[in-house]
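K.L.:
Fold the following for me, if possible:
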Amino acid sequence: MPDDLANTLPGVSYVMPVLNEVTHVRAAVDSLLAQDYTGPFEVTIALGPSMDGTNELVEELAAVDSRIRVVDNVVGSTPAGLNMAIRASRYPIVIRVDAHSVLPPDYARIAVETVLETGADNVGGLMDAQGTTPFERAVARVYGSRVGLGGTKLHVGGEAGPAETVYLGVFRRDRLVEVGLFDEEIKRGQDWELNRRIRAGGGVVWFTPRLRVTYRPRPNLYRLARQFLSTGIWRGELARRFPASNGLRYFAPPVMVVGVAIGTLLGLAGVVQALLGATPWLLIGFAAPALYLVIDVVSALVWGRRDGLRPLLWFLVVLPCIHFTWGIGFILGYLSLTRNITAHTGR
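P.N.:
Numbers count the residues shown, from 1 in each chain. As a prediction, this is how the structure comes out:
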């Protein structure tokens with residue numbers, strides 16, 4: 001790129017909230033420093049009260065590169081950290097980064113080009129989940145399947161154009177400030193809620209498949225279940241707060257949970273009928289869990305088999321784990337049964 005053109009490029013501020021991410025944060029930061037964008041940039045990390053060595057690692061990274069700045073996120077939550085990092089940064093383009101993400105070298109360049117070409121207030125692309133273990137590869141397959149996370153563009157791809165929300169986000173700072181930054185009361189789903197305000201104010205959220213971000217899934221079933229239970233709780237909370245802004249796909253997992261639960265209870269009642277010598281017509285309730293089991297197996301054969309036997313077997317476990325924990329969380333959040341929990345679930 002000619003020097004005179006490079007000098008006219010807007011500066012970029014990467015903002016990253018970090019909490020207990022010692023395994024992933026170095027790769028995330030390295031991917032920012034390796035960008036081929038020739039305009040000025042800075043990296044601002046909002047460092048939460050980590051207990052796994054993350055603080056020491058981040059301070060080490062900042063000590064050897066003056067472009068990295070660290071701010072203390074004493075609250076520890078993602079939206080609070082993002083807002084602190086945004087306020088501490090200075091350039092007109094703000095790129096939201098996750099510690100579990102690895103940006104390809106051309107990410108910032110393509111993102112800024114898209115912002116300037118489309119006039120969008122926020123631009124984002126595809127969350128390209130990539131695992132290294134059989135379990136993580138199964139999670140990645142679920143993420144990228146249409147039966148996994150709703151088949152949205154940010155998970156399975158699609159044509160460029162306006163979108164409801166996008167993964168991470170590349171924002172115009174003036175617009176971001178105008179709508180009030182991230183809502184710090186919303187600990188998960190804050191990206192969707194921010195994009196809702198942008199669109200409500202006449203702004204444009206733009207998806208482009210040219211942007212792909214490598215995402216590292218949770219490494220075990222416990223952490224995955226915990227992640228999606230929390231995500232479901234907050235999705236239910238948002239559905240209750242903003243009923244007019246929710247698509248039907250958000251209600252599919254909770255409906256499935258209720259259907260399988262009721263069907264199982266009816267089926268068990270049918271077993272009791274049979275034991276008592278009555279006509280066990282309630283056994284038909286087992287059709288609901290049986291149907292879900294068929295969906296699980298077929299989905300594993302369609303998507304999970306692509307990575308071999310072990311990821312396929314994990315797919316059979318991961319898919320219902322995500323569906324049921326998310327669905328149960330949604331019900332709890334929608335019915336406002338988790339006020340004390342959501343107040344403290346910052347990650």
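K.L.:
for this protein, which spans come out with low pLDDT?
P.N.:
For the chain, the stretches with pLDDT under 70 are 1-7, 150-151, 338-347.
K.L.:
next SSE after the lengthiest strand in it?
P.N.:
The strand spanning the most residues in the chain, taking DSSP state E as the definition, is strand 205-215. Toward the C-terminus, strand 205-215 is succeeded by helix 221-241 as the next helix or strand (DSSP states H and E).
K.L.:
show me the contacts for residue 288.
P.N.:
259, 260, 262, 263, 264 (Cβ atoms under 8 Å, 6 or more residues apart in numbering). Placement of C-beta: from N, CA and C, glycine included.
K.L.:
where's the last one relative to residue 271, distance?
P.N.:
From residue 264 over to residue 271 the distance is 11 Å, taken as Cβ to Cβ, to the nearest Å.
K.L.:
Next: the fourth one.
P.N.:
When Cβ to Cβ is applied, the distance between residue 263 and residue 271 equals 13 Å.
K.L.:
quick one on the thing from earlier: for the longest strand of the chain, enumerate the helices and strands it packs against.
P.N.:
Here strand 205-215 touches strand 101-102, helix 107-118, strand 122-129, helix 153-156, strand 161-162, strand 167-172, helix 190-200, going by 3 or more Cβ pairs under 8 Å, 6 or more residues apart in numbering; DSSP states H and E.
K.L.:
looking at the ones you listed, which is closest to residue 247?
P.N.:
helix 190-200 (10.8 Å; Cβ to Cβ).
K.L.:
hmm, who's touching the closest one?
P.N.:
78-79, 82, 96, 121-122, 164-169, 175, 179-183, 186, 204-205, 238, 242, 245.
K.L.:
repeat for stretch 136-153
P.N.:
126-131, 155-156, 163-164, 166, 207, 209, 215-219, 224, 249-250, 252, 295, 299, 302-304, 306-307, 311-315, 317-319, 322.
K.L.:
What is the end-to-end distance of that stretch?
P.N.:
21 Å (Cα to Cα, to the nearest Å).
K.L.:
Give the buried residues for it.
P.N.:
136-145, 147-150, 152-153 (16 or more other Cβ atoms under 10 Å).
K.L.:
Pull the contacting residues for the nearest residue to residue 336 once chain neighbours are set aside.
P.N.:
Leaving aside its sequence neighbours, residue 336 sits nearest to residue 240 (Cβ to Cβ, 6 or more residues apart in numbering; 6.7 Å). Shown in contact with residue 240 (Cβ under 8 Å, 6+ apart): 333, 334, 336.
K.L.:
Drop anything exposed from those.
P.N.:
In the contacts of residue 240, burial by neighbour count holds for 333, 334, counting by 16+ other Cβ under 10 Å.
K.L.:
Find the helix or strand that residue 37 is a member of.
P.N.:
With DSSP H and E as criterion, residue 37 is part of no helix or strand.
K.L.:
what about the closest residue to residue 234 other than its chain neighbours, helix or strand, and which?
P.N.:
Leaving out its chain neighbours, the residue that sits closest to residue 234 by Cβ to Cβ, 6+ apart is residue 188, at 3.7 Å. Following DSSP H and E, there is no helix or strand that holds residue 188.
K.L.:
you'd agree residue 188 is up against residue 231?
P.N.:
Yes - Residue 188 is within contact range of residue 231, at 5.3 Å (criterion: Cβ atoms under 8 Å).
K.L.:
three-state assignment of the residue in the chain sticking out farthest from the centre?
P.N.:
Ranked by distance from the centre of the chain (Cα atoms, centre = their mean), the top residue is residue 277, with 51.1 Å. What DSSP: H, G, I helix; E, B strand; the rest coil gives for residue 277 is coil.
K.L.:
quick one on the thing from earlier: the helices and strands packed on strand 205-215: which one's closest to residue 13?
P.N.:
Ranking these by distance to residue 13, with Cβ to Cβ as the measure, places strand 167-172 first at 9.6 Å.
K.L.:
In whichever helix or strand comes after the closest one, which residues are buried?
P.N.:
With elements assigned by DSSP H and E, the helix or strand that comes after strand 167-172 is helix 173-178. Across helix 173-178, burial judged by 16+ other Cβ under 10 Å covers 173, 175, 176.
K.L.:
Skipping its backbone neighbours, what lies nearest the last one in space?
P.N.:
The shortest distance from residue 176 to any non-neighbouring residue, by Cβ to Cβ, 6+ apart, is to residue 94 (5.9 Å).
K.L.:
Count the residues that sit near the one you found.
P.N.:
25 (other Cβ atoms under 10 Å).
K.L.:
what's the angle between the longest strand of the chain and strand 122-129?
P.N.:
Taking axes from the mean of the first three to the mean of the last three Cα atoms, to 10 degrees, one finds strand 205-215 and strand 122-129 inclined to each other by 30 degrees.
K.L.:
Quick one: residues in contact with strand 205-215.
P.N.:
Against strand 205-215 from outside (Cβ under 8 Å, 6+ apart): 98, 100-104, 107, 110-111, 114, 118, 120-130, 143, 153-154, 157-168, 195, 198-199.
K.L.:
Please pick the buried ones from those residues.
P.N.:
Buried among the contacts of strand 205-215 by 16+ other Cβ under 10 Å: 98, 100-104, 107, 110-111, 114, 120-129, 143, 153-154, 160, 163-168, 195, 198-199.
K.L.:
Perfect, that will be all.
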